[in-house]
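In: what's the 3D shape of this:
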Amino acid sequence: MARAASITSRLRVPRGKVRLSDHDPSATRGFSGRKRDGEGALRALAPALADLQERLFASAKGGDTRSLLLVLQGMDTSGKGGVLRSAVGLFDPQGVQIKSFKAPTAVERKHDFLWRIEKEVPAAGMIGIFDRSHYEDVLIARVRKLAPAKEIERRYGAIDDFEARLAASGTVIVKCMLHISPEEQKKRLLARLDDPTKHWKFNPRDVDERVLWPAYQAAYEVALERCNTEQAPWLVVPSDRKWYRNWAVARVLLEALEAMELAWPKAAFDAEEQKLRLAAT
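Out: Okay, the predicted model is just below:
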(Lines give C-alpha, C1' and ligand atoms only; values in the text may rest on other atoms or scores of the structure.)
Protein backbone atom coordinates (compact mmCIF):
# COMPACT_ATOMS: atom_id res chain seq x y z
CA MET A 1 0.00 0.00 0.00
CA ALA A 2 0.99 3.63 -0.35
CA ARG A 3 3.14 5.46 2.16
CA ALA A 4 2.52 9.13 1.47
CA ALA A 5 4.59 10.74 4.23
CA SER A 6 7.31 13.30 3.50
CA ILE A 7 7.72 12.72 -0.22
CA THR A 8 9.26 16.19 -0.54
CA SER A 9 12.12 15.37 1.83
CA ARG A 10 12.70 12.04 0.08
CA LEU A 11 13.12 13.74 -3.30
CA ARG A 12 14.98 16.84 -2.16
CA VAL A 13 18.49 17.20 -3.54
CA PRO A 14 21.09 17.52 -0.75
CA ARG A 15 23.27 20.62 -0.80
CA GLY A 16 26.68 20.12 -2.35
CA LYS A 17 27.94 18.02 -5.25
CA VAL A 18 25.18 16.52 -7.42
CA ARG A 19 25.49 13.29 -9.37
CA LEU A 20 22.39 12.26 -11.29
CA SER A 21 23.81 8.75 -11.47
CA ASP A 22 23.01 8.53 -7.74
CA HIS A 23 19.30 8.96 -8.52
CA ASP A 24 17.49 5.93 -9.94
CA PRO A 25 15.00 7.11 -12.63
CA SER A 26 12.83 4.02 -12.04
CA ALA A 27 12.64 4.38 -8.26
CA THR A 28 9.34 4.84 -6.41
CA ARG A 29 10.57 6.69 -3.34
CA GLY A 30 7.92 7.06 -0.66
CA PHE A 31 5.52 4.65 -2.35
CA SER A 32 5.47 0.89 -1.88
CA GLY A 33 2.48 0.05 -4.08
CA ARG A 34 2.22 -0.74 -7.78
CA LYS A 35 0.86 1.14 -10.77
CA ARG A 36 -2.80 0.54 -9.94
CA ASP A 37 -2.22 1.66 -6.36
CA GLY A 38 -0.38 4.76 -7.54
CA GLU A 39 -3.14 5.76 -9.92
CA GLY A 40 -5.69 5.34 -7.15
CA ALA A 41 -3.54 7.31 -4.71
CA LEU A 42 -3.30 10.15 -7.23
CA ARG A 43 -7.09 10.33 -7.59
CA ALA A 44 -7.43 10.26 -3.80
CA LEU A 45 -5.40 13.49 -3.54
CA ALA A 46 -7.92 15.47 -5.60
CA PRO A 47 -10.29 16.59 -2.77
CA ALA A 48 -7.48 17.83 -0.53
CA LEU A 49 -5.73 19.63 -3.40
CA ALA A 50 -8.97 21.30 -4.46
CA ASP A 51 -9.68 22.45 -0.90
CA LEU A 52 -6.21 23.90 -0.41
CA GLN A 53 -6.25 25.60 -3.80
CA GLU A 54 -9.55 27.26 -2.94
CA ARG A 55 -8.13 28.42 0.39
CA LEU A 56 -5.12 29.91 -1.40
CA PHE A 57 -7.35 31.70 -3.89
CA ALA A 58 -9.72 32.93 -1.16
CA SER A 59 -6.87 34.12 1.04
CA ALA A 60 -5.81 36.56 -1.68
CA LYS A 61 -9.26 38.14 -1.46
CA GLY A 62 -8.47 38.81 2.20
CA GLY A 63 -5.15 40.47 1.40
CA ASP A 64 -2.78 37.50 1.54
CA THR A 65 -0.06 38.01 -1.08
CA ARG A 66 1.15 34.42 -1.23
CA SER A 67 1.17 32.17 -4.30
CA LEU A 68 2.78 28.92 -5.41
CA LEU A 69 5.08 28.30 -8.38
CA LEU A 70 5.84 24.84 -9.77
CA VAL A 71 8.91 24.71 -12.02
CA LEU A 72 9.09 21.65 -14.29
CA GLN A 73 12.33 20.77 -16.06
CA GLY A 74 13.37 17.57 -17.79
CA MET A 75 14.66 16.02 -20.97
CA ASP A 76 12.28 15.49 -23.89
CA THR A 77 9.60 12.86 -23.06
CA SER A 78 10.29 13.14 -19.32
CA GLY A 79 6.61 13.91 -18.82
CA LYS A 80 6.04 17.61 -18.28
CA GLY A 81 2.81 17.40 -20.28
CA GLY A 82 1.77 14.27 -18.41
CA VAL A 83 2.24 16.05 -15.09
CA LEU A 84 0.14 18.96 -16.32
CA ARG A 85 -2.68 16.65 -17.34
CA SER A 86 -2.60 14.23 -14.42
CA ALA A 87 -1.30 16.15 -11.39
CA VAL A 88 -1.92 19.83 -12.14
CA GLY A 89 -5.17 18.71 -13.78
CA LEU A 90 -6.56 18.01 -10.31
CA PHE A 91 -6.74 21.77 -9.68
CA ASP A 92 -9.48 24.18 -10.78
CA PRO A 93 -8.05 25.67 -14.01
CA GLN A 94 -9.35 29.11 -13.02
CA GLY A 95 -6.72 29.28 -10.31
CA VAL A 96 -3.80 28.06 -12.41
CA GLN A 97 -1.42 30.05 -14.63
CA ILE A 98 0.59 27.88 -17.04
CA LYS A 99 3.50 29.24 -19.04
CA SER A 100 5.82 27.33 -21.36
CA PHE A 101 9.03 29.13 -22.28
CA LYS A 102 10.21 28.40 -25.79
CA ALA A 103 13.19 29.89 -27.60
CA PRO A 104 13.26 33.64 -26.88
CA THR A 105 11.83 35.98 -29.50
CA ALA A 106 13.80 38.78 -31.12
CA VAL A 107 12.25 41.24 -28.66
CA GLU A 108 13.03 39.03 -25.66
CA ARG A 109 16.65 38.64 -26.74
CA LYS A 110 17.09 42.40 -26.40
CA HIS A 111 16.49 42.08 -22.66
CA ASP A 112 18.12 40.16 -19.83
CA PHE A 113 17.14 36.47 -19.86
CA LEU A 114 14.96 36.92 -16.77
CA TRP A 115 12.93 39.76 -18.27
CA ARG A 116 10.33 37.48 -19.84
CA ILE A 117 10.29 35.22 -16.76
CA GLU A 118 9.52 37.93 -14.23
CA LYS A 119 6.43 38.95 -16.21
CA GLU A 120 4.93 35.48 -15.77
CA VAL A 121 5.27 34.87 -12.01
CA PRO A 122 1.95 33.87 -10.40
CA ALA A 123 -0.29 36.54 -8.94
CA ALA A 124 -1.43 36.39 -5.32
CA GLY A 125 -3.70 33.41 -4.70
CA MET A 126 -2.66 31.65 -7.90
CA ILE A 127 -0.75 28.47 -8.67
CA GLY A 128 1.76 29.12 -11.42
CA ILE A 129 3.34 26.43 -13.57
CA PHE A 130 6.51 26.89 -15.61
CA ASP A 131 6.61 24.10 -18.20
CA ARG A 132 10.28 24.70 -18.94
CA SER A 133 11.58 27.84 -17.32
CA HIS A 134 14.46 30.23 -16.68
CA TYR A 135 16.64 27.12 -16.34
CA GLU A 136 16.56 26.71 -20.12
CA ASP A 137 19.04 29.58 -20.15
CA VAL A 138 21.65 27.58 -18.23
CA LEU A 139 20.81 24.17 -19.73
CA ILE A 140 20.29 24.41 -23.48
CA ALA A 141 22.33 27.61 -23.56
CA ARG A 142 25.24 25.82 -21.86
CA VAL A 143 25.09 22.66 -23.97
CA ARG A 144 24.51 24.43 -27.28
CA LYS A 145 26.88 27.29 -26.40
CA LEU A 146 24.19 29.88 -27.06
CA ALA A 147 25.87 32.29 -24.66
CA PRO A 148 29.47 32.88 -23.55
CA ALA A 149 30.71 30.84 -20.58
CA LYS A 150 31.06 34.01 -18.49
CA GLU A 151 27.42 34.89 -19.13
CA ILE A 152 26.24 31.38 -18.22
CA GLU A 153 28.19 31.66 -14.97
CA ARG A 154 26.52 35.00 -14.20
CA ARG A 155 23.09 33.51 -14.75
CA TYR A 156 23.37 31.03 -11.88
CA GLY A 157 23.73 33.89 -9.43
CA ALA A 158 20.99 35.88 -11.17
CA ILE A 159 18.62 32.91 -10.83
CA ASP A 160 19.36 32.57 -7.12
CA ASP A 161 18.73 36.30 -6.61
CA PHE A 162 15.51 36.16 -8.62
CA GLU A 163 14.17 33.17 -6.70
CA ALA A 164 15.14 34.76 -3.37
CA ARG A 165 13.16 37.90 -4.27
CA LEU A 166 10.23 35.80 -5.40
CA ALA A 167 10.20 33.81 -2.16
CA ALA A 168 10.50 36.99 -0.09
CA SER A 169 7.43 38.38 -1.85
CA GLY A 170 5.38 35.38 -0.73
CA THR A 171 5.72 32.85 -3.54
CA VAL A 172 6.40 29.26 -2.49
CA ILE A 173 8.72 27.74 -5.10
CA VAL A 174 8.62 24.02 -5.96
CA LYS A 175 11.26 22.94 -8.51
CA CYS A 176 11.00 19.43 -9.97
CA MET A 177 13.57 17.89 -12.29
CA LEU A 178 11.78 15.01 -14.04
CA HIS A 179 14.54 12.42 -14.23
CA ILE A 180 14.36 9.70 -16.90
CA SER A 181 16.89 7.23 -18.25
CA PRO A 182 18.12 7.35 -21.86
CA GLU A 183 16.66 3.86 -22.36
CA GLU A 184 13.21 5.04 -21.30
CA GLN A 185 13.43 8.12 -23.48
CA LYS A 186 14.34 5.96 -26.48
CA LYS A 187 11.35 3.71 -25.75
CA ARG A 188 8.99 6.69 -25.61
CA LEU A 189 10.34 8.23 -28.81
CA LEU A 190 9.96 4.90 -30.62
CA ALA A 191 6.38 4.65 -29.36
CA ARG A 192 5.66 8.00 -30.97
CA LEU A 193 7.13 6.86 -34.28
CA ASP A 194 5.19 3.60 -34.19
CA ASP A 195 1.86 5.39 -33.78
CA PRO A 196 0.77 7.71 -36.64
CA THR A 197 -1.52 9.56 -34.23
CA LYS A 198 1.57 10.49 -32.19
CA HIS A 199 3.78 11.63 -35.07
CA TRP A 200 2.87 15.24 -34.35
CA LYS A 201 4.65 14.88 -31.00
CA PHE A 202 7.90 13.78 -32.60
CA ASN A 203 10.60 16.22 -33.64
CA PRO A 204 13.65 14.92 -35.54
CA ARG A 205 15.71 17.28 -33.41
CA ASP A 206 14.96 15.01 -30.45
CA VAL A 207 17.38 12.50 -31.94
CA ASP A 208 20.04 15.20 -32.27
CA GLU A 209 19.56 16.11 -28.61
CA ARG A 210 19.97 12.47 -27.54
CA VAL A 211 23.50 12.52 -28.92
CA LEU A 212 24.21 15.26 -26.39
CA TRP A 213 22.75 13.29 -23.46
CA PRO A 214 25.99 13.30 -21.37
CA ALA A 215 26.38 17.05 -21.87
CA TYR A 216 22.79 17.68 -20.79
CA GLN A 217 23.20 15.50 -17.70
CA ALA A 218 26.31 17.47 -16.78
CA ALA A 219 24.46 20.76 -17.33
CA TYR A 220 21.60 19.59 -15.10
CA GLU A 221 24.04 18.58 -12.39
CA VAL A 222 25.60 22.03 -12.38
CA ALA A 223 22.20 23.76 -12.29
CA LEU A 224 20.94 21.50 -9.49
CA GLU A 225 24.10 22.17 -7.51
CA ARG A 226 24.42 25.91 -8.09
CA CYS A 227 20.73 26.86 -7.71
CA ASN A 228 19.69 24.66 -4.78
CA THR A 229 18.83 27.13 -2.03
CA GLU A 230 16.80 26.88 1.15
CA GLN A 231 13.99 29.02 -0.27
CA ALA A 232 14.02 27.25 -3.65
CA PRO A 233 15.38 23.71 -3.31
CA TRP A 234 15.51 21.22 -6.16
CA LEU A 235 13.65 17.91 -6.16
CA VAL A 236 14.66 15.06 -8.47
CA VAL A 237 11.51 13.11 -9.40
CA PRO A 238 12.16 9.60 -10.80
CA SER A 239 10.14 9.61 -14.03
CA ASP A 240 10.64 6.28 -15.80
CA ARG A 241 7.35 5.19 -14.23
CA LYS A 242 4.73 7.71 -15.36
CA TRP A 243 2.23 6.80 -12.65
CA TYR A 244 4.79 7.38 -9.91
CA ARG A 245 5.95 10.67 -11.42
CA ASN A 246 2.41 12.02 -11.50
CA TRP A 247 1.63 10.92 -7.95
CA ALA A 248 4.92 12.25 -6.61
CA VAL A 249 4.48 15.74 -8.09
CA ALA A 250 0.85 15.91 -6.89
CA ARG A 251 1.93 14.82 -3.42
CA VAL A 252 4.72 17.43 -3.35
CA LEU A 253 2.20 20.12 -4.29
CA LEU A 254 -0.11 18.96 -1.53
CA GLU A 255 2.67 19.11 1.04
CA ALA A 256 3.70 22.58 -0.14
CA LEU A 257 0.15 23.89 0.20
CA GLU A 258 -0.31 22.23 3.59
CA ALA A 259 2.88 23.88 4.86
CA MET A 260 1.44 27.29 3.97
CA GLU A 261 -1.18 26.81 6.73
CA LEU A 262 -3.84 28.53 4.66
CA ALA A 263 -6.87 29.89 6.50
CA TRP A 264 -10.19 31.11 5.20
CA PRO A 265 -10.25 34.93 5.24
CA LYS A 266 -12.49 36.60 7.78
CA ALA A 267 -15.55 38.32 6.37
CA ALA A 268 -15.56 42.11 6.25
CA PHE A 269 -19.27 42.08 7.13
CA ASP A 270 -21.57 40.75 9.86
CA ALA A 271 -22.91 37.44 8.54
CA GLU A 272 -25.88 37.41 10.93
CA GLU A 273 -26.87 40.92 9.92
CA GLN A 274 -26.71 39.91 6.26
CA LYS A 275 -28.93 36.89 6.98
CA LEU A 276 -31.57 39.23 8.41
CA ARG A 277 -31.33 41.52 5.44
CA LEU A 278 -31.62 38.58 3.07
CA ALA A 279 -34.65 37.21 4.94
CA ALA A 280 -36.41 40.53 4.52
CA THR A 281 -36.16 40.48 0.73
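In: C-alpha from now on. contacts and neighbour counts both.
Out: OK.
In: could you say what helices and strands the helix or strand of the chain with the lowest mean pLDDT packs with?
Out: Ranked by mean pLDDT, DSSP states H and E, the weakest helix or strand in the chain is helix 205-211, scoring a mean of 90. The helices and strands touching helix 205-211, judged by 3 or more Cα pairs under 8 Å, 6 or more residues apart in numbering; DSSP states H and E, number zero.
In: try 10 Å this time
Out: helix 182-194, helix 213-226 (3 or more Cα pairs under 10 Å, 6 or more residues apart in numbering; DSSP states H and E).
In: Just name the most buried of those helices.
Out: Among the helices and strands packed on helix 205-211, the stretch with the highest mean neighbour count (mean count of other Cα atoms under 10 Å) is helix 213-226, at a mean of 18.
In: helix or strand right after that helix?
Out: Next helix or strand after helix 213-226 toward the C-terminus (DSSP states H and E): strand 234-238.
In: Pull the distance from that next one to the chain's centre.
Out: Strand 234-238 sits 10 Å away from the centroid of its parent chain (Cα atoms, centre = their mean, to the nearest Å).
In: I'd like the average pLDDT over that strand.
Out: In this model, strand 234-238 carries a mean pLDDT of 98.
In: mean confidence for whichever helix or strand comes after that strand?
Out: Per DSSP H and E, strand 234-238 leads on to helix 242-259 as the next helix or strand towards the C-terminus. Mean pLDDT, helix 242-259: 98.
In: Just confirm residue 102 is within a helix.
Out: No. Looking at residue 102 with DSSP: H, G, I helix; E, B strand; the rest coil, it is coil, so not inside a helix.
In: Just give the number of residues close to residue 88.
Out: 23 (other Cα atoms under 10 Å).
In: List the residues that contact it.
Out: 46, 49, 70, 81-82, 96, 98, 127, 129, 246, 249-250, 253 (Cα atoms under 10 Å, 6 or more residues apart in numbering).
In: that older thread, for residue 54, which of the helices and strands packed on helix 205-211 is the nearest?
Out: Ranking the helices and strands packed on helix 205-211 by their distance to residue 54 (criterion: Cα to Cα) puts helix 213-226 first, at 31.7 Å.
In: how far is that closest one from where the chain is centred?
Out: Worked out by Cα atoms, centre = their mean, helix 213-226 lies 18 Å from the chain centre.
In: again, but for stretch 162-180
Out: 9 Å.
In: Looking at the contacts of residue 88, which is nearest residue 27?
Out: residue 246 (13.2 Å).
In: Verify the stated contact: the closest one with residue 78.
Out: No. Counting by Cα atoms under 10 Å, residue 246 stays clear of residue 78, with 11.2 Å between them.
In: hey, what's in contact with both of those two?
Out: 237, 239.
In: On the strand side of things, show who residue 174 bridges to.
Out: Assessed by DSSP bridges, residue 174 has beta-bridge partners residue 70.
In: Now neighbour count too, for the contacts of residue 88, in CSV please.
Out: Listed next are the contacts of residue 88 as CSV, based on neighbours: other Cα atoms under 10 Å:
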residue, neighbour count
46, 17
49, 23
70, 22
81, 13
82, 16
96, 21
98, 17
127, 28
129, 23
246, 24
249, 27
250, 26
253, 21
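In: Next up, the contacts around residue 71.
Out: 80, 99, 128-135, 173-177, 234.
In: ok, the closest residue to residue 61 other than its chain neighbours to residue 17 distance?
Out: Among residues not flanking residue 61 along the chain, residue 265 sits closest, at 7.5 Å (Cα to Cα, 6 or more residues apart in numbering). Separation of residue 265 from residue 17 (Cα to Cα, to the nearest Å): 43 Å.
In: Give the residue from those two that has the larger number of neighbours.
Out: Neighbour totals were compared for residue 265 and residue 17, and residue 265 leads with 15 against 11 (other Cα under 10 Å).
In: From what I see, the more buried one and residue 64 are in contact.
Out: Yes. Counting by Cα under 10 Å, residue 64 is a contact partner of residue 265 at 8.7 Å.
In: got any residues that touch both of the two?
Out: Overlap of the contact sets of residue 265 and residue 64 (by Cα under 10 Å, 6+ apart) consists of 56, 58.
In: in which helix or strand would I find the residue lying closest to residue 219 once chain neighbours are set aside?
Out: Leaving aside its chain neighbours, residue 219 sits nearest to residue 139 (5.5 Å; criterion: Cα to Cα, 6+ apart). Using DSSP H and E, residue 139 falls within helix 136-143.
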